[in-house]
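Student: Sequence and computational prediction follow.
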Amino acid sequence: MRGRGYYGVTPPGIWGRREFLRMGSLSALGLGLGDYLRLGASQAERVLDRACIMIVLDGGPPQHETFDMKPEAPSDVAGLFKPIPTNVPGIQICEHLPQIARQADKFAILRSVYGDTAIHFTGVYYLMTGFMPLQSVDFPSRGAVVANELGPRNGLPPYVLNATLDHAAGPGFLGSAYSPFWVRSDPSSPDFRIDDVEIPLDMDWSEISDRRWLVKRLDARFKERDTKGLFADRERFFQEAESIIRSPAVKYAFDIASEPEPLRNRYGRTPIGQGCLLARRLVEGGVRFVTINAARAIWDTHSDNFNRCEMVLLPEFDAAFATLIDDLHQRGLLESTLVVVSGEFGRTPKVNPNAGRDHWPQVFSVVLAGAGIQGGQVYGSSDAVGGEPKDNPVSMEDLTATIYDRLGIDPDKEYHTPTNRPVRLANRGKPIRAPLV
């Protein structure tokens, strides 16, 4: 589930255990770690100390069964579930999200978000980058942009990916220096461990030293022709990468097993539950941007929507998100951590003959919390059947701009591709401020 992309290959720019085992060992791994350390060497310390956790409900969650219920609509629109009150008067959500309902004062619901595609592949790319895919440009994911703009903190990678979204989560034209640290394994597994912060079990540091020596010998002839000091820089980055691998702080940030059992149980012993707990540990340790999801297209409920939502999807999400928000709040981290919950699109207003809902990008709901977002409110609305925005429509570009704005990044900032094509970070989207912040 974690090790392959859509086409059965690991995409470039996302590294892991296999790269570590290549010739030279730290050579391939060091390029990932070393490159992100380069960010710290080339950028001043930021005053703003914010982070982001992005929870991707891959497949497209139904707005009617989550945050935008339509109990007054005809039965083939309203569905089978009932709304319940939250701890904020006037705001109701699905009855199968009771824990989240008790945290509603800490998050805002955007009920008028819309996209431009009903295709999973392009929709996920749009969600993760803020751009529709083009043949001519590979746009960077938001995590890569945050890594570029904010840099590393406390010696941890700035961008961590614990998801199956490899096709849309890379650095794009920014280059491999801004690639995510990819957690390939399921954090809910009893034997969960991060291979990339430890040397392989069948190796020791003396063997790595021998390999590094061999790499230096192979590089020697090329180094003689290096007039820009690139090899000296790379060697320094390799040494720093090794110090990261040896770092107890890095290992501790990924050590989810050190969490109290009752708290782990509150999050839920599920991929999304333990993924949220791992994300909290990572931002607490210093990671800037963490992306998580449970599985590829798990919310793609074309059939049996109500059983799947009631028995699995909603209870797992309810425990994970509610506990994450409360945990961040109790630790004083919610003020500095933006939490985003979104799918790539929503689901159709009408229930189909298979008791499911189909792809629907015309309107869907997104949840935002933390980093200055004022909780306990709803922004925008959909029409009577949850099929189109009714007021305050929010484009995917506006959502992107809002995320960057909350992280202290100028959404109008202009990057340039290797071919010198100008690219604005939020693609002309405008951040939502009042009344959200």
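Tutor: Structure received.
Student: I'd like to know how many residues surround the residue nearest to residue 91 when sequence neighbours are not counted.
Tutor: In this structure, residue 91 finds its nearest non-sequential neighbour in residue 104, 5.5 Å apart by Cβ to Cβ, 6 or more residues apart in numbering. Where you see a C-beta, it was placed from the backbone N, CA and C, and this is true even at glycine. Per other Cβ atoms under 10 Å, the neighbour tally for residue 104 reads 27.
Student: go on, residue 134?
Tutor: Residue 134 has 9 neighbours, counted by other Cβ under 10 Å.
Student: what about it, which helix or strand?
Tutor: In the assignment (DSSP states H and E), residue 134 maps to no helix and no strand.
Student: With the one 10 residues further on instead?
Tutor: Element membership for residue 144 (DSSP H and E) is helix 142-150.
Student: Report the buried residues of stretch 61-70.
Tutor: By neighbour count with 16 or more other Cβ atoms under 10 Å, stretch 61-70 contains the buried residues 61, 62, 63, 64, 65, 66, 67, 68, 69, 70.
Student: What of stretch 425-433?
Tutor: So for stretch 425-433, counting by 16+ other Cβ under 10 Å, buried means 425, 426, 427, 429, 431, 432.
Student: Now do that stretch: everything it contacts.
Tutor: 110, 130-131, 145, 379, 394-402, 404-406, 409-415 (Cβ atoms under 8 Å, 6 or more residues apart in numbering).
Student: Recalculate using a threshold of 6 Å.
Tutor: Applying Cβ atoms under 6 Å, 6 or more residues apart in numbering, the external contacts of stretch 425-433 come out as 130, 131, 397, 398, 400, 401, 402, 404, 405, 411, 413.
Student: Can you tell me which of the buried residues of stretch 61-70 is closest to residue 50?
Tutor: Relative to residue 50, the closest of those is residue 67; by Cβ to Cβ it sits at 24.3 Å.
Student: Checking the residue nearest to the closest one when sequence neighbours are not counted next. Helix, strand or coil?
Tutor: Residue nearest to residue 67 in three dimensions, not counting chain neighbours: residue 365, with 4.1 Å by Cβ to Cβ, 6+ apart. Following DSSP: H, G, I helix; E, B strand; the rest coil, residue 365 is assigned to strand.
Student: got the contact list for residue 365?
Tutor: Listed by Cβ under 6 Å, 6+ apart, the contact set of residue 365 reads 63, 67, 68, 109, 111.
Student: Surely the first one is in contact with residue 363?
Tutor: Read that as residue 63. No: between residue 63 and residue 363 there is no contact under Cβ atoms under 6 Å: 7.2 Å.
Student: which residues sit against the helix holding residue 144?
Tutor: If you take Cβ under 6 Å, 6+ apart as the criterion, helix 142-150 is touched by 46, 158, 159, 171, 174, 178, 180, 288, 289, 291, 409.
Student: Alright, calling it a day.
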